[in-house]
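Enquirer: sequence isn't available, so here's the structure alone:
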């Protein structure tokens, strides 16, 4: 599921990509730490240890520490919120703390040596599981930061969309107003002049041409037609 999620959102947002890497590294840290812890609990429950038990244990710890260090380096370069930094501090204190790590290693050494460990299985599990959960909290905190970031991006996109729609409505309103203005000041008078010219052509010399008082092209056209009307009247007389 984690790999599918990474594949679906890869390269969509650089910040989210880095957060998903941090989340994945926290998961690896938790998994390797869990494998080391399970070696202790399984042996306490009666399962035999492999011959290379301590080598496997140190290998898991090495991979765990490497993933954790890389995660911290990536997180240090990003503007992470307080919840994430607090989760990291809790994991450092609880899971990576000296008391727990020494108890885990010493218990495994006692089990490998065939000695009775200083802690029982009933005591170990309730202690180790919550400490592992602190690393899981780091991964979940990284996911929460990614979700909050995408929510902010969506909110900003919606605001931008609303602004653009508002500007579009204003532009359409302005265009409609300009069309009405042109129809009122240009198209309408032209139609009226056309009708007056048709009346003049029909011999009606009493027609009053609109727009004679205008100082623009419509007025010039109306005055030109008015001159034709005057000449036609004089010729008729």
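Expert: Arrived safely, thanks for sending. Just so it is clear, the model here is predicted, and its values are computed rather than measured. Numbering: from 1, shown residues only.

Enquirer: so for this protein, the centremost residue is which one?
Expert: Nearest to the mean C-alpha position of the chain, counting by C-alpha atoms, centre = their mean, stands residue 150 at 2.9 Å.

Enquirer: per-residue confidence at it?
Expert: As predicted, residue 150 sits at a pLDDT of 84.

Enquirer: same check on residue 165?
Expert: Predicted confidence (pLDDT) at residue 165: the value is 91.

Enquirer: now for the helix or strand hosting it, which elements pack on it?
Expert: For residue 165, the host element (DSSP states H and E) is helix 121-182. In terms of contacts (3 or more C-beta pairs under 8 Å, 6 or more residues apart in numbering; DSSP states H and E), helix 121-182 is packed against helix 14-44, helix 82-94, helix 98-112. Glycine gets a C-beta too; all of them are placed from N, C-alpha and C.

Enquirer: out of the ones you listed, which is the most enclosed?
Expert: helix 14-44 (a mean of 20; mean count of other C-beta atoms under 10 Å).

Enquirer: other SSEs contacting that helix?
Expert: In terms of contact count using 3+ C-beta pairs under 8 Å, 6+ apart, helix 14-44 is assigned the packing partners helix 2-9, helix 53-76, helix 98-112, helix 121-182.

Enquirer: state the mean pLDDT of that helix.
Expert: The pLDDT scores in helix 14-44 average 90.

Enquirer: how far off helix 82-94 does it point, in degrees?
Expert: Orientation check (axes from the mean of the first three to the mean of the last three C-alpha atoms, to 10 degrees): helix 14-44 against helix 82-94 gives 30 degrees.

Enquirer: now do helix 14-44 against helix 98-112, angle only.
Expert: Put simply, helix 14-44 runs at 40 degrees to helix 98-112, going by the same axes, to 10 degrees.

Enquirer: got the angle for helix 14-44 vs helix 53-76?
Expert: Using the same axes, to 10 degrees: helix 14-44 against helix 53-76 is 160 degrees.

Enquirer: could you check the angle helix 121-182 makes with helix 14-44?
Expert: Going by the same axes, to 10 degrees, helix 14-44 makes 160 degrees with helix 121-182.

Enquirer: now do helix 14-44: distance to the chain's middle.
Expert: For helix 14-44, the separation from the chain centroid amounts to 26 Å (computed by C-alpha atoms, centre = their mean, to the nearest Å).

Enquirer: same check on stretch 58-77?
Expert: Per C-alpha atoms, centre = their mean, the centroid offset for stretch 58-77 relative to its chain is 27 Å.

Enquirer: quick one: end-to-end distance for stretch 39-54.
Expert: With C-alpha to C-alpha, to the nearest Å as the measure, stretch 39-54 spans 9 Å from end to end.

Enquirer: what's it in contact with?
Expert: Residues from elsewhere that reach stretch 39-54, judged by C-beta atoms under 8 Å, 6 or more residues apart in numbering: 56-57, 60, 104, 107-109, 111-112, 117, 120-121, 124-125, 128.
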